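# would you be able to build a 3D model of this:
(2 chains)
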2 protein chains.
Amino acid sequence: MDAGEGIQRQVLAKGIGLNRDLSIIITHLHGDHVSGLLGLLQTMGLAQRRRPVSVVGPPDLLKWLKVTSELLHVGLTYPIEFHPAKAGLVLRTKSFRVRATRADHSVEAYSYLVEETPRSGRFHPEKAKKLGIPEGRLWSRLQHGKSILVDGKKVLPSRVTDPPRPGRRVGYSGDTRPARRLVRFFAGCDLLIFDSTFRGSDLDKAKQRKHSTCVEAAELAKRAGARRLALTHFSARYEDVTPLVTEARRVFPRTFAAADGMMVGVDYPGEGPESQSIK
Amino acid sequence: MDAGEGIQRQVLAKGIGLNRDLSIIITHLHGDHVSGLLGLLQTMGLAQRRRPVSVVGPPDLLKWLKVTSELLHVGLTYPIEFHPAKAGLVLRTKSFRVRATRADHSVEAYSYLVEETPRSGRFHPEKAKKLGIPEGRLWSRLQHGKSILVDGKKVLPSRVTDPPRPGRRVGYSGDTRPARRLVRFFAGCDLLIFDSTFRGSDLDKAKQRKHSTCVEAAELAKRAGARRLALTHFSARYEDVTPLVTEARRVFPRTFAAADGMMVGVDYPGEGPESQSIK
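Residues are numbered from 1 along each chain as shown, chains lettered A, B, ... in the order given. Okay, the predicted model is just below:
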């Protein structure tokens, strides 16, 4: 999600291989959201990547990639599959799908929701054994949610597996003013990452520059029924962002500040502490 | 000289203000030499820079800057003065001038020589006093290399100042094969920063990819009569670059390896130890 300067270092530092499945999702074409893209694409070329890379973003991003590839001699060893951002479904992979909606920023910008594919329910081998089902192909069918016949009797997968588990949903606002549309778009997501450029008292600046305050982010998370809120994109004017988190928690307690390189676990719906306080 | 990814962090970390005189000199349009440019230009805009920035580089760089500024909404608060690279003088400022020559790389590329403006010789106030010259305007004229009249007698500036001191000259090859032209171009420079992508034994790779080996860099520095040689642009295949420095020093002892963020003092011609060994 967005590729600020230095993203390739972060990718390497996190041990994310340069030849894995990769989708790059760009909210809008401002330098701090795309200036690391070129280096990342090029480094994957140097690593002799062959697998395609999916790129989602405003249509002008494709124009820029084309011009840049030509003028800067970016020799890619792999194809880029470009998916122009628009309201609705923009990308579907085996493990997740991505929906977009227009954000409200100074240039064409999108907010995204990543929805993990639902997982099959847990399979219980001991139950299958008790029903006298031989290990092997029949187990596999049940694990994949299909019924089988054993001694002429139909066995439904629900006898030996838990119900399918819904996937997790992570929302990312990009740079934006809050908007009613975003409340619906992010409804019930498991983690919401939201523009929190300014403190509550700097609301005028937020309006003028088309960003949100920490308080607005918290209000939106609350109205959307998000499970957790990560504040991000803090203005460089705040040396310490603790006051922004404190302000936001008065409205929405399950708030924390995102930071460079932070890794955040996301609980599955219905699992994990809903209201655990996060340091 | 060149603007790889992360250059703005280096600039900030070194305490180089974003509003100072600045000339950005690009050797060629490969990502690892320009991908930090966008972030640097943009950050100077955010810092409300007003003073122009000089940019020197291959003509296509201007094209790329124009397209990128438009598509990525780079709102610059200051003018960019673009100087297309070509053989000969490409930039002249109050404190230095820059000459270019074609390098020998896989794309249009230039090597540069930065020549510091000669400094006036040191002024000796005690000598001026002894000659009965009153402090003030007359001293200033002498300091600026002009003759004056005192009691009807002409006083030459050489009576009270040392001779002008030549400026320092720093050469930068960018990515290139060695070439006879470069020997002449870098002749007698006080510091030569040269492509040292490969070890001596990887000469075939160097030829194929249009780079130099550490040994070739050292040979060129020797033939050019450079005072010191900084090896740079090491291939990521070498975890430790010490062997490359060792190989080069057999040919040209005053060699060291450049490293991220390294600051290197450059002696004035005729000053400083010529053959000091550098760790």
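
# helix, strand, or coil at the residue of the stretch 151-279 of chain A found nearest chain B?
Checking the stretch 151-279 of chain A residue by residue against chain B with C-beta to the nearest C-beta singles out A:Ala236 as nearest, at 8.1 Å. For glycine as for every other residue, the C-beta is placed from the backbone atoms N, C-alpha and C. Assigned with DSSP: H, G, I helix; E, B strand; the rest coil, A:Ala236 falls in the coil class.

# kindly export stretch A:213-228 (C-alpha atoms) in PDB.
These are the backbone C-alpha positions of stretch A:213-228, laid out as PDB (Å, rounded to 0.1, in the frame of the first residue of the first chain):
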ATOM      1  CA  THR A 213      -7.100  15.100  12.100                       C
ATOM      2  CA  CYS A 214      -6.500  12.300  14.600                       C
ATOM      3  CA  VAL A 215      -9.900  13.000  16.100                       C
ATOM      4  CA  GLU A 216     -11.700  12.800  12.700                       C
ATOM      5  CA  ALA A 217      -9.900   9.500  12.100                       C
ATOM      6  CA  ALA A 218     -11.100   8.200  15.500                       C
ATOM      7  CA  GLU A 219     -14.700   9.300  14.800                       C
ATOM      8  CA  LEU A 220     -14.700   7.600  11.400                       C
ATOM      9  CA  ALA A 221     -13.300   4.400  12.900                       C
ATOM     10  CA  LYS A 222     -16.000   4.500  15.600                       C
ATOM     11  CA  ARG A 223     -18.900   5.100  13.200                       C
ATOM     12  CA  ALA A 224     -17.600   2.400  10.800                       C
ATOM     13  CA  GLY A 225     -17.400  -0.100  13.700                       C
ATOM     14  CA  ALA A 226     -13.700  -0.900  12.900                       C
ATOM     15  CA  ARG A 227     -12.000  -3.100  15.400                       C
ATOM     16  CA  ARG A 228      -8.700  -1.200  15.600                       C
END
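
# strands of the stretch 101-250 of chain A, start to end?
If you assign secondary structure with DSSP state E, counting those that start in this stretch, the strands in the stretch 101-250 of chain A sit at A:110-116, A:148-150, A:153-155, A:169-172, A:191-195, A:229-232.

# got a markdown table for those, with mean pLDDT, mean neighbour count and distance to chain B too?
Output for those, formatted as a markdown table (pLDDT from 0 to 100; neighbours: other C-beta atoms under 10 Å in any protein chain shown; distance: least, C-beta to the nearest C-beta, whole Å):
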| stretch | mean pLDDT | mean neighbour count | distance to chain B |
| --- | --- | --- | --- |
| strand A:110-116 | 98 | 23 | 15 |
| strand A:148-150 | 90 | 13 | 53 |
| strand A:153-155 | 90 | 12 | 56 |
| strand A:169-172 | 98 | 24 | 20 |
| strand A:191-195 | 98 | 27 | 17 |
| strand A:229-232 | 98 | 26 | 18 |
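
# from what I see, A:Trp64 and B:His73 are in contact.
No - using C-beta atoms under 8 Å as the test, A:Trp64 is too far from B:His73 to be in contact (10.9 Å).

# so between these two, which is more surrounded?
A:Trp64 (21 against 16; other C-beta atoms under 10 Å in any protein chain shown).

# name the SS class of the more buried one, please.
When the structure is reduced to helix, strand and coil (three-state DSSP), A:Trp64 reads as helix.

# pull up the residues of the stretch 1-150 of chain A that are close to chain B.
Within reach of chain B by C-beta under 8 Å from any C-beta of the partner chain, the stretch 1-150 of chain A has these residues: A:5-6, A:8-9, A:29-32, A:34-36, A:38-39, A:42, A:60, A:63-64, A:67-68, A:71-74, A:106-107.

# ok, A:Arg223 - contacts?
Residues in contact with A:Arg223, defined by C-beta atoms under 8 Å, 6 or more residues apart in numbering or on different chains, are A:Val183.

# number of residues surrounding A:Leu41?
24.

# let me know the distance separating it from B:Val114.
For A:Leu41, the distance to B:Val114 under the criterion C-beta to C-beta, to the nearest Å works out to 32 Å.

# neighbours of the residue of the stretch 151-279 of chain A closest to chain B, how many?
Residue neighbour count, defined by other C-beta under 10 Å, stands at 9 for A:Ala236.

# rewinding a little: derive a ChimeraX selection command for the buried subset of the residues of the stretch 1-150 of chain A next to chain B.
This is how ChimeraX selects the buried members of the residues of the stretch 1-150 of chain A next to chain B, with burial counted by 16 or more other C-beta atoms under 10 Å in any protein chain shown:
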select /A:5,6,8,9,29,30,31,32,34,35,36,38,39,42,60,64,67,68,71,72,73,74,106
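
# on that earlier part again, quick check: neighbours shared by A:Trp64 and B:His73?
The overlap between the contact sets of A:Trp64 and B:His73 (C-beta under 8 Å, 6+ apart) consists of A:Leu29.

# picking that back up, possible to save the strands of the stretch 101-250 of chain A as TSV with distance to A:Ile25?
Rendered in TSV, the data for these read as follows (distance: least, C-beta to C-beta, whole Å):
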stretch	distance to A:Ile25
strand A:110-116	6
strand A:148-150	40
strand A:153-155	42
strand A:169-172	8
strand A:191-195	12
strand A:229-232	15
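
# for B:Asp190, find the nearest of the ones you listed.
The minimum distance between B:Asp190 and these falls on strand A:229-232, with 47.0 Å, by C-beta to C-beta.

# can you tell me what sits against the closest one?
For strand A:229-232, using C-beta under 8 Å, 6+ apart, the contacting residues are A:191-196, A:214, A:217-218, A:221, A:241, A:244-245, A:248, A:252, A:254-258, A:264.

# are any of those residues buried, and which?
For the contacts of strand A:229-232, a burial check counting by 16+ other C-beta under 10 Å picks out A:191-196, A:214, A:217-218, A:221, A:241, A:244-245, A:248, A:252, A:254-258.

# in helices, which of those residues appear?
When DSSP state H defines the helices, the subset of those inside them is A:Cys214, A:Ala217, A:Ala218, A:Ala221, A:Leu244, A:Val245, A:Ala248.

# of those residues, just say which sits nearest to B:Arg119.
Nearest member of these to B:Arg119, counting by C-beta to C-beta, is A:Leu244, at 50.8 Å.

# isn't A:Leu76 up against A:Ser69?
Yes - if you go by C-beta under 8 Å, A:Leu76 and A:Ser69 touch, sitting 6.9 Å apart.
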